[in-house]
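> here is a sequence with its predicted model. Questions after.
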Amino acid sequence: MLHGFPWTVPDSTANRHVLAAIKKQAFKSFRVALRQLNLYYDGRQHDNSCRKLQCCQGHKETLEHIMWDCPCAQASWQKLISHWTGEQWSLQTTERFQEACASRKAPALSRFIKAQLGRDHPDEETQYVKEWKRMWRIMCSICMTSLWIQRNRVVFQQEEITVDRSVLEFWTRSQQQLRAIAKQERRTPETIEIGTRLLLCQRQLEKIPTEKSPKETSPVQPPDQTLEPALLTRLRIKQTSSRR
């Protein structure tokens, strides 16, 4: 089971190509966590800069750069975080979510989303919170996979990409798959309620965030601690060392 959905997808299943891709995304996220993705390509020994964007020239291509520091990655995570929290987060403030993104472990819901779910579904708030957190896990997997696929197209097919196109590709794919999962679950009596909740959550997720993000406290750690997660600190130190 993955995100509450079976790994195998029958040939007769509608949107089979979309649902089957979830397995690949989970495996890709697992390999990112274990640092098992192969960065090699012919010519890398002469220039190991990130090739996605012109502004990345001179920045060593590492998994940390591809998944976190490249402007394409930063904008994609910003999109995910802003819609999931219902709040407008800037690139400078989304860094505090990095550990939650890397682990795919959903942080605490924002006050805005929690209040909205409680207001819209007072008798099933707990169940809707569960689905909202499931969307975080699914979208984090899709975001990592999308960033890696884009990188490979640029490196091996000389494709040109922009930040806006990168974000659009990730967001479109993530929403398609959330809808496909919900649609499939709604076809089975045992999971019809779960699928319906997921679909309603997905529709809410698509709305443009309108709330301002909190300025002082982080939703993923106590307010009396530094806003920068330990994981980010370690990555920064490692990147600095690798450039020397």
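Perfect, I can see it now. Computed from a predicted structure; not experimentally measured.
> what residues of the helix or strand hosting residue 102 count as buried?
Per DSSP states H and E: residue 102 is located in helix 98-103. Neighbour counts over helix 98-103 (16 or more other CB atoms under 10 Å) mark 98, 99, 100, 101, 102 as buried. Placement of C-beta: from N, CA and C, glycine included.
> what's the answer for stretch 51-62, then?
In stretch 51-62, counting by 16+ other CB under 10 Å, buried: 51, 52, 53, 56, 59, 61, 62.
> name the helices or strands packed onto the helix ranked longest in the chain?
Identified as the longest helix of the chain according to DSSP state H is helix 125-157. In terms of contacts (3 or more CB pairs under 8 Å, 6 or more residues apart in numbering; DSSP states H and E), helix 125-157 is packed against helix 16-33, helix 71-85, helix 98-103, helix 111-120, helix 163-185, helix 192-205.
> least confident of the ones you listed, on average?
Among the helices and strands packed on helix 125-157, helix 16-33 has the lowest mean pLDDT, at a mean of 47.
> what helices or strands is the helix or strand just after that helix leaning on?
Per DSSP H and E, the first helix or strand lying C-terminal to helix 16-33 is helix 63-64. If you count contacts as 3+ CB pairs under 8 Å, 6+ apart, helix 63-64 packs onto helix 230-242.
> do me a favour and average the pLDDT over the helix it packs on.
pLDDT averaged over helix 230-242 gives 49.
> check contacts around the closest residue to residue 194 other than its chain neighbours.
Once flanking residues are discounted, residue 194 sits nearest to residue 185: 5.5 Å by CB to CB, 6 or more residues apart in numbering. Residue 185 is in contact with 5, 191, 192, 194, 195, 198, counting by CB atoms under 8 Å, 6 or more residues apart in numbering.
> show me which pair in those residues is furthest apart.
5 and 192 (13.9 Å; CB to CB).
> which one of those two is surrounded by more residues?
residue 5 (21 against 12; other CB atoms under 10 Å).
> read off the pLDDT value for the more buried one.
Reading off the model, residue 5 has pLDDT 38.
> just residue 127 next, same as before
Note on residue 127: pLDDT of 98.
> for residue 179, see how far away it is.
19 Å (CB to CB, to the nearest Å).
> higher neighbour count, these two?
For the pair residue 127 and residue 179, the greater number of neighbours falls to residue 179 (17 against 14), based on other CB under 10 Å.
> wait, the more buried one sits on residue 201?
No. Under the criterion of CB atoms under 8 Å, residue 179 is not in contact with residue 201, lying 11.0 Å apart.
> any idea how far residue 174 is from the nearest residue to residue 101 once chain neighbours are set aside?
Leaving aside its chain neighbours, residue 101 sits nearest to residue 140 (5.4 Å; criterion: CB to CB, 6+ apart). Going from residue 140 to residue 174 by CB to CB gives 9 Å.
> what is in contact with these two at once?
Shared contacts of residue 140 and residue 174, defined by CB under 8 Å, 6+ apart, comprise residue 80.
> how many residues are close by the residue nearest to residue 101?
The tally of other residues near residue 140 (other CB under 10 Å) stands at 24.
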